[in-house]
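S.K.: Attaching a predicted model along with its sequence, questions to come.
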Amino acid sequence: MLARYRYRIEPAGVQRAMLARTFGCARVVFNDAVRCRDEAFLVGTRLSPAEVQRRVITEAKARVDRAWLAEVASVALVQSVRDAHRAYQNFFDSVSGKRRGRKVGRPRFKSRKDTRQSFRLTRNGFTIRSDGWLHLAKIGDVRVRWSRDLPCEPSSVTIIREPDGHYYASFVVEVCPTPLPVVGQEAGVDLGVKRLATVATTVGAQMDIPNPKHLMRGLRQLARLQRELARRVRGSANRTKTRRKVAVLHGKIARARRDHHHKQALTLVRENQAIHLEDLNIAGMVRNGRLSRAIHDAGWAQFVRLIEEKAEKYGRTVVTVSRWLPSSKRARTADTSWTSCR
C-alpha cells in the first residue's frame, strides 16, 4: 500500500526565492494545459498528454513570453501537465459513473493568490543524501527535520508551502501491511458533536471519545485576528502579516485536531478486530447552518478516513452501516421486550 511521510524543511533565503519561482512556473504550466484542453474541446479535437506537454512546455520555452520556464526543473513542469491530465480524467470518470463518491467538477485554473502552493518531483528530480539533506533539482540541498525514518526509497516528493509560510516535503513510499494479533472484540462507533464518538463493543462495554473542540477554544483569538485583518488595507505589508497570524493559528488548531484523531483511531484499531461505522452524509450535514461549525470542528471525515487507513495497515476490518438502518429503534424494541419478559 502507498503512504505519505511528511517532514518540515528549512530552505535558505535564495532557495525560498527559487521555490517561489518553481511554484509559479508549475502553476502557469498547469493553467496552460487546462486552457489547451478546453480550446481543443471547443473545436472538437482530442489531444494526447504528450501533445499537450509539447505545446505548453517544449514549444512554450522557445517563445519570448514563456522563456523563463527554462529556469526551473523540467520534471516539475512535466508533473504539472500530468496533474492536469489526471484532473480531467477524474472529471470524465465522475461524469460517466466510473468514479465513486462525490461528483468531481471540471479542473479550475490555479491562482497565484492561493495561499497553499506545491509542485511534485519524481525520482530524477530529487535525491536524499547520506547526511540527511534533501537535494532538489535546480534548488540545491535543503535541510529536513527527520521526525522518523522512511521505510523505503520514495517514488516522488511534493514540496508544499503552507499558508503559515512553512515548507514541507511529502514523500510517497510503499509500505507493507503489518497485521496485529487477532482479537475477539468488535466495536460500533456513533459519531457526535458533544462527544466525538460513542463506542459500544461486543463484550458489553461502552466508552465515549471526548471532543476537545479545538476551534471553539481558539475562536476568541481567531475573531480578534479576523477583525484586525478586516481593518488592514488590501495589498499592504501589515495585511500580509495579519493574514499570516491567522494562518498560523488555523495551522495550530488543525495539527491539534489531527493529532487527537490519530491517537483515537489507532486505539480503536488496536483494540477491535472489526469497526462498524455509519455511512453519514457529512457533506450534506454541514450545510445545516446551526451545526456546520460544530461538525467541521469535530472533523468527522478526517477521523473516519484515519480509521479506514489504519485498519487497512494493521489488518482490521471496517464495516460501513447504512444510514437508513433503524438500529436505535431495534435496540429500544429489544430492550422493551426483554424488560417485559422479566
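M.R.: Thanks, I have it.
S.K.: Spatially nearest residue to the residue most central in space within the chain, not counting backbone neighbours?
M.R.: What sits nearest the mean C-alpha location of the chain, by Cα atoms, centre = their mean, is Gln302, with 9.2 Å. Counting by Cβ to Cβ, 6 or more residues apart in numbering, Gln302 lies nearest to His261, which is 5.6 Å off, once chain neighbours are set aside. Placement of C-beta: from N, CA and C, glycine included.
S.K.: Could you do Arg99 as well?
M.R.: With sequence-adjacent residues excluded and distances taken as Cβ to Cβ, 6+ apart, Arg99 is closest to Asp93, at 3.8 Å.
S.K.: Pro212 too?
M.R.: In this structure, Pro212 finds its nearest non-sequential neighbour in His260, 6.0 Å apart by Cβ to Cβ, 6+ apart.
S.K.: Ok, Arg323 next?
M.R.: Distances taken as Cβ to Cβ, 6+ apart place Asp279 nearest to Arg323, at 5.0 Å, with adjacent residues excluded.
S.K.: List the residues that contact the one you found.
M.R.: Thr320, Val321, Ser322, Arg323 (Cβ atoms under 8 Å, 6 or more residues apart in numbering).
S.K.: try 6 Å
M.R.: Shown in contact with Asp279 (Cβ atoms under 6 Å, 6 or more residues apart in numbering): Thr320, Ser322, Arg323.
S.K.: What's the separation between the nearest residue to Gly125 once chain neighbours are set aside and Asp131?
M.R.: Distances taken as Cβ to Cβ, 6+ apart place Val75 nearest to Gly125, at 3.8 Å, with adjacent residues excluded. Using Cβ to Cβ, to the nearest Å, we find Val75 at a distance of 23 Å from Asp131.
S.K.: Just list the residues touching Ala60, thanks.
M.R.: The contact partners of Ala60, taken as Cβ under 6 Å, 6+ apart, are Arg66, Leu69.
S.K.: Which helix or strand contains it?
M.R.: For Ala60, the host element (DSSP states H and E) is helix 59-61.
S.K.: per-residue confidence averaged over the helix or strand following that helix?
M.R.: Proceeding N to C from helix 59-61, the next assigned helix or strand is helix 74-96, under DSSP H and E. Helix 74-96 shows a mean pLDDT of 94.
S.K.: which strands and helices sit next to the helix or strand just after helix 74-96?
M.R.: Where DSSP H and E defines the elements, the next helix or strand beyond helix 74-96 is strand 117-122. The contact analysis (3 or more Cβ pairs under 6 Å, 6 or more residues apart in numbering; DSSP states H and E) places strand 117-122 against helix 13-42, helix 74-96, strand 156-161.
S.K.: Within its sheet, name the partner strands of the helix or strand just after strand 117-122 and how each one runs.
M.R.: Later in the chain than strand 117-122, the nearest helix or strand by DSSP H and E is strand 126-128. The strands beside strand 126-128 in its sheet (DSSP bridges) come out as strand 134-136 (antiparallel).
S.K.: which stretches of this protein aren't confidently modelled?
M.R.: Where the chain drops to pLDDT under 70, the residues are 289, 327-342.
S.K.: Thank you kindly, that will do.
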